[in-house]
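> Here is the input, now give the coordinates:
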Amino acid sequence: MADILILSDRDADPFPDGAALEAAGHRVGFATLDDRLGTGPTPDICFVDSVKDLARGRDACRAMKAQSPRLPIIAAVATDALDAVGPDWQIDSFVVEGAPAEDVLARVRLLIGSHLADSSSTLRVGELAIDPDTYQIRLKGRPLDLTYKEFELLRYLAQRPGRVFSRSQLLQEVWGYDYFGGTRTVDVHVRRLRAKLGAEHESLIATVRNVGYKLEPPARRPL
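Numbering: from 1, shown residues only. Below is the predicted model:
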């Protein structure tokens, strides 16, 4: 079972329903959209109720992710506001207001499962060192300043060096099965990653024409 924090400015009927989560065995706490993580234990999941104030909800999601990059965040949004939700929210999933409790609980299970499956050891590919515990990637000892999704994309490719992934596969695995953006998002993040890797190392992420991308281990790069 998980410790779940719900951020909401609604005194009555916040979404999701904390009672339904508690009935499923989870421990639930509440705070306002302006609150941040204190000095106590970090929750396992954070819901941000953005139904009544979309802009403040987005800002709360981004602030929580900046404070705790590994904290899974689920945004609750109104049906007519879905078009406004995008990568800039830095969320891991979302639920639509009024969704059945079963849907909400399913998203909680999926996020908990995916984060528990994360490796806690440093992953090394050539001169790349990827530490999932600190969300830091170093290249030849130099830390790279990456966004959350840039980190996740590079880590996903590095976990499977040499394997080719289509844009659709990467979108599903890194952004999530419920992400509704286009595959161009993958191209944009690859371009940014290559720029941050620098001219000497940008070829680590290889383009496979008409297919997608792969991380090319240094020993296998063509001369």
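
> which residues of the chain score low on pLDDT?
Along the chain, the model assigns pLDDT under 70 to residues 38-41, 114-121, 177-181, 218-223.

> which helix is the longest one in it?
helix 101-116 (DSSP state H).

> list the buried ones in the helix or strand that that helix is followed by?
Using DSSP states H and E, the next helix or strand after helix 101-116 towards the C-terminus is strand 123-125. Using 16 or more other C-beta atoms under 10 Å as the test for burial, strand 123-125 gives Val125. Glycine gets a C-beta too; all of them are placed from N, C-alpha and C.

> Let me know the helix or strand that Val28 is in.
Assigned by DSSP H and E, Val28 falls in strand 27-31.

> other SSEs contacting that strand?
Applying 3 or more C-beta pairs under 8 Å, 6 or more residues apart in numbering; DSSP states H and E, one finds that strand 27-31 contacts strand 3-7, helix 18-23.

> okay if I get these as TSV plus distance to Val186?
Formatted as TSV, the helices and strands packed on strand 27-31 follow (distance: least, C-beta to C-beta, whole Å):
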stretch	distance to Val186
strand 3-7	29
helix 18-23	33
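
> ok, back up a step: angle of the strand holding Val28 against strand 3-7?
20 degrees (axes from the mean of the first three to the mean of the last three C-alpha atoms, to 10 degrees).

> Adjacent strands (with direction) for strand 27-31?
strand 3-7 (parallel) (DSSP bridges).

> Alpha carbons only: can I get the strand it pairs with in CSV?
Taking C-alpha atoms only, strand 3-7 is exported to CSV below (Å, rounded to 0.1, in the frame of the first residue of the first chain):
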residue,chain,number,x,y,z
ASP,A,3,1.4,6.9,1.2
ILE,A,4,-0.6,9.3,-1.0
LEU,A,5,-0.6,13.1,-0.8
ILE,A,6,-3.5,15.0,-2.4
LEU,A,7,-3.0,18.7,-3.1
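
> Check what contacts that strand and list those residues.
Contact with strand 3-7 is made by 14, 16, 18, 21, 26-33, 35, 41, 43-49, 60, 64, 108, as judged by C-beta atoms under 8 Å, 6 or more residues apart in numbering.

> Buried ones only from the residues you listed, please, as a PyMOL command.
Buried residues within the contacts of strand 3-7, by 16+ other C-beta under 10 Å, are selected in PyMOL with:
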select buried, resi 14+16+18+21+26+28+31+33+43+44+45+46+47+48+49+60+64+108
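
> quick revisit: buried set for the longest helix of the chain?
When burial is assessed from 16+ other C-beta under 10 Å, helix 101-116 yields the following buried residues: 104-105, 107-108, 110-112, 115.

> What count of nearby residues applies to the closest residue in space to Asp92 that isn't next to it in sequence?
Spatial nearest neighbour of Asp92, excluding adjacent residues (C-beta to C-beta, 6 or more residues apart in numbering): Pro72 at 4.6 Å. When neighbours are defined as other C-beta atoms under 10 Å, Pro72 has 22 of them.

> Looks like Pro72 contacts Leu111 (just checking).
Yes. Using C-beta atoms under 8 Å, Pro72 makes contact with Leu111 at a distance of 4.2 Å.

> got any residues that touch both of those two?
Jointly contacting Pro72 and Leu111 under the rule C-beta under 8 Å, 6+ apart are 45, 92-93.

> From Gln169, how far out is Gly113?
Per C-beta to C-beta, to the nearest Å, Gly113 is found 19 Å from Gln169.
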